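> give me the fold of what follows.
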Amino acid sequence: MVWTGTWVAERLGVELIGDEELPDLLGLALRRNPKRAHLLVSGVLGKHVPQRPSVVYGAGLDLGRRVRALLGDEEAARAVVLGYAETATALGHAVADGLALAPYLHSTRRPVPGVARAGGFEESHSHATSHLLLPEDPELLAGEGPLVLVDDEFSTGNTVLNTIGDLHENYPRERYVVVALVDMRSAADLGRLDAFAKEIGARIDLIARASGTVRLPEGVLEKGRALVAEHEAAPEPEAPAPATAAVRAGLDWPRGLPDGGRHGFTPEHRERLEAALPSLAAGVARALEAAQAPKTGTGTGTGTGTGTGTSTGTGTGRVLVLGFEELMYAPLRLGTALEEAGHDVRYSTTTRSPVLAVDDPGYAIRTRLVFPAHDDPADGPGERYAYNVAGGGFDAVVLVVDSAADTPALHAPDGLLARLARHVPHVVLAVVPSYVPRAAPYPSGTTGTTRTVENGGAEEDTAETGTERPDATEAPERSSMLPEPLRGPAFSSYAPEEVGWLLQDLSDVELEAPTEEREEAIQSGGAHYAESLPVEYQPSERYQELFHAALEGSAARIARAVGTVTETVLAERAGTPVLVSLARAGTPVGVLMRRWARARHGLDLPHYAVSIVRGRGIDANALRWLAAHHDPADVVFVDGWTGKGAITRELAEALEDFDGFDPDIAVLADPGSCVRTYGTREDFLIPSACLNSTVSGLISRTVLRPDLVGPDDFHGAKFYRELAGSDVSEAFLDAVAARFDEVAATVDTDVKELLTADRAPTWEGWAAVERISEEYGIHDVNLVKPGVGETTRVLLRRVPWKILAKRGAEADLAHVRLLAEQRGVPVEEVDDLPYSCVGLIHPKYTRGATGADGKAVTSR
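Take a look at the predicted model:
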């Protein structure tokens, strides 16, 4: 086998001298850098050269075990491991894993708003030099135990000296251990470390896997520049445009677990990750299988997920797990878990470092993909690179990024996903939630603002006296600092890939009140209906039987409507639609639309759930999050059904303040003729309207209360875990999805007719509601709730007056009649009703009337 440093050695006269293992560990490449022309390219680091994850991880583990043996367990337990961005973040993690007893922190070039710098230093030969240290725990670096510094190579020693000098001034300690894959110091540099140790009065040990040096002839920098200039004009290898979009893997990332060591990673964090890895890898494996599945089938599976065990199949071919710049450890561990499950896996990561590519077996960097930065870097936009991916013989690539990097730039036509799809047949995207540190106390003496942020929670600016984070980063706040979507099973009983909830979890807050008390608070003007929750209705055995009978009888009808609305959206929206359901009635519909697109077209549509509150509008922070991660023009709002169209109007008004979003709502049923994108305009029983949380992923209605939801927070909701025994959410979805195949032909016909029909809203439902309001002496349209879904809500949540039922609509009203019977509400048969039924709230019942703003109307 040809040594991958041959090409450079022959042309520049560079020599690699040292241990016998060095040529197996290092190759050579060239780069445009005024300080150093050559680049030592590690074959076991997992940065530029794809390598088996077990080899990469094993190299760091071995070094960590050597450090533990050097220090002994007592000192190892007092140690802190520090890795260098961007190339050694995973290596440092692995060393810490081998050491086993110590926490880990790596430097970063990504400022995080509100997080103070515990230190910083410069890297002398790097193309990007400034390093920040941003531990969540300000005491992490303040201990007196050994500090273990990890880098991929130890060359001049300048980086280590800069680090130790900076930290020792503020946090002096007696012992340091320097760890590297290779010690490549020149003879002139060999004594500097010892001299510096004496100068600061500390012991500094060095552990490396191999050692040697690079002999550079005179004039090598100029010769290197000339070679780069000669060869860098070579075009990047091209390939046909990708035919399919990336499949998004569902990662059930443990809540509150850091995505890496940017803010610290403790042995406890390590244990949690180890426990979760089989499930995480199973989710990736399922996404790989889905990405490689034929795209013409009509199965009902989603193709992604988390699973509960490891996949044992190896039919995914040769897979590359590709990390993202500093995010190296999480992708590496996903790679090791996939490898342990029997998959043929290689691992590498993207980088900021510009390196010349030469397609020669004696050169370490044979191909290069160039793409724009996609994580809104603090130092501005620029090129990023992925090496040795094109032409690597991979059947699939799993790109792993953190959520701060899951931006429109990543998904753009010139973005990384598109570049990968040109060279690898199948692309899977796995997104790890970006960890945002909690607030921590800092020395008193000044005043200022501290940002309190919890992972999976929200930001809150609080003015405090006597507490300020010193040297807090001044980088502008980014939308990526908003919390990441909540996902099941931590929040909701839906699988994590089915929906991301742009909500905050209020499960631990007591929000429920008896219906009468709740309505009286609203009626008095002292509360908005969204500030509390009704007590969850517990269905009787008879009612549950009605639900299952209704589901059996209407599953095909619902499947047809799901298919029709989904195909209409796909036909009329350019690009890949992003489904955004209005929680919570719209969420089961959004999940079903996503399943249809997957089953019929192999599309993995993103799906999120957001809150909209009558009289208060849509969650503005959720819209900001969507705009930061997707093109607003791709967003399709989804709801279950229309009544008189109040929410349709609310959404249109709310979106006037946001550019790019289309206010048109896609609904399953539009009996009120309020929208132009629908599955049907019939008013029929949608079984998901029969129940509350137990058919909606165990999620409550959304909550908007000023003491719980701040200006930078998502609206809230509760996850009723205690109702798991009554949950029929998956049963509902599966029953409908099982009928997709049988309605496919009918859907195709329906859609052809719809696409050429006049679907403009007539608002006839609103006109009917106005008429009913006057005929029954109510004089307020907000107390008239038309349609099966809205009538069901009146009976489950409100204090109803009477029910109007269309004569002959018996099939869809059995559950309405049962609920009315249980609550003692009269049902009146009506002949000229445009809906199957209408629920009326008595205007003189002081606990039941709310107006358009969600507050009470004056009784007449």
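> only C-alpha atoms for contact and neighbour calcs from this point on.
Noted.
> in three-state terms, label P111 for me.
coil (DSSP: H, G, I helix; E, B strand; the rest coil).
> from the contact counts, what lies against the longest helix belonging to the chain?
Assignment by DSSP state H gives helix 541-572 as the longest helix of the chain. For helix 541-572, the packing partners by 3 or more C-alpha pairs under 8 Å, 6 or more residues apart in numbering; DSSP states H and E come out as helix 586-601, strand 665-669, strand 677-680, helix 729-737, helix 740-756, helix 814-823.
> mind running it again at 6 Å?
Helix 541-572 sits against strand 677-680, helix 740-756, with contacts defined as 3 or more C-alpha pairs under 6 Å, 6 or more residues apart in numbering; DSSP states H and E.
> tell me the mean pLDDT over that helix?
Averaged over helix 541-572, pLDDT sits at 88.
> buried sites along it?
543-544, 546-547, 550-551, 554-569 (16 or more other C-alpha atoms under 10 Å).
> now the angle from that helix to helix 740-756?
Orientation check (axes from the mean of the first three to the mean of the last three C-alpha atoms, to 10 degrees): helix 541-572 against helix 740-756 gives 50 degrees.
> ok, then the element right after helix 541-572?
Using DSSP states H and E, the helix or strand that follows helix 541-572 in sequence is strand 578-582.
> what about that next one, distance to the chain center?
What separates the centre of strand 578-582 from the centre of its chain is 15 Å, taken as C-alpha atoms, centre = their mean, to the nearest Å.
> mind giving me the packing neighbours of it?
strand 607-610, strand 635-641.
> got the ones you listed as TSV, with mean pLDDT and distance to E821 columns?
Listed next are the helices and strands packed on strand 578-582 as TSV, based on pLDDT from 0 to 100; distance: least, C-alpha to C-alpha, whole Å:
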stretch	mean pLDDT	distance to E821
strand 607-610	96	34
strand 635-641	92	25
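> looking at those strands, spot the one closest to L334.
strand 607-610 (23.9 Å; C-alpha to C-alpha).
> return that closest one as CSV; C-alpha atoms alone will do.
Extracted C-alpha coordinates of strand 607-610, given in CSV (Å, rounded to 0.1, in the frame of the first residue of the first chain):
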residue,chain,number,x,y,z
HIS,A,607,-43.6,18.2,11.2
TYR,A,608,-43.9,20.6,14.1
ALA,A,609,-46.8,21.6,16.4
VAL,A,610,-47.3,25.2,17.5
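> who does the next helix or strand after that strand pair up with?
On the C-terminal side of strand 607-610, the closest following helix or strand by DSSP H and E is strand 612-613. Next to strand 612-613 in the sheet, as set by DSSP bridges, lie strand 617-618 (antiparallel).
> what residues does the partner strand touch?
S611, I612, A654 (C-alpha atoms under 6 Å, 6 or more residues apart in numbering).
> give me the pLDDT value at V44.
In this prediction, V44 has a pLDDT value of 97.
> which one is it nearest to, not counting chain neighbours?
Among residues not flanking V44 along the chain, V56 sits closest, at 5.1 Å (C-alpha to C-alpha, 6 or more residues apart in numbering).
> where's that neighbour relative to T336, distance?
9 Å (C-alpha to C-alpha, to the nearest Å).
> likewise S836?
Taken as C-alpha to C-alpha, the span from S836 to T336 is 57 Å.
> for this structure, what helix or strand is lowest in average pLDDT?
Among the helical and strand segments of the chain, the one scoring lowest on mean pLDDT, DSSP states H and E is strand 448-453, with a mean of 27.
> just for the stretch 401-550 of the chain, where's the confidence low?
438-482, 513-529, 537 (pLDDT under 70).
> show me the helices in it, by range?
Listed in chain order, the helices of the stretch 401-550 of the chain (DSSP state H, counting those that start in this stretch) span residues 408-411, 416-421, 515-523, 541-572.
> of all these, which one is nearest T351?
Across the helices of the stretch 401-550 of the chain, closest to T351 is helix 416-421 (C-alpha to C-alpha), at 11.9 Å.
> would TSV of the contacts of strand 617-618 with neighbour count be doable?
Output for these, formatted as TSV (neighbours: other C-alpha atoms under 10 Å):
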residue	neighbour count
S611	25
I612	24
A654	17
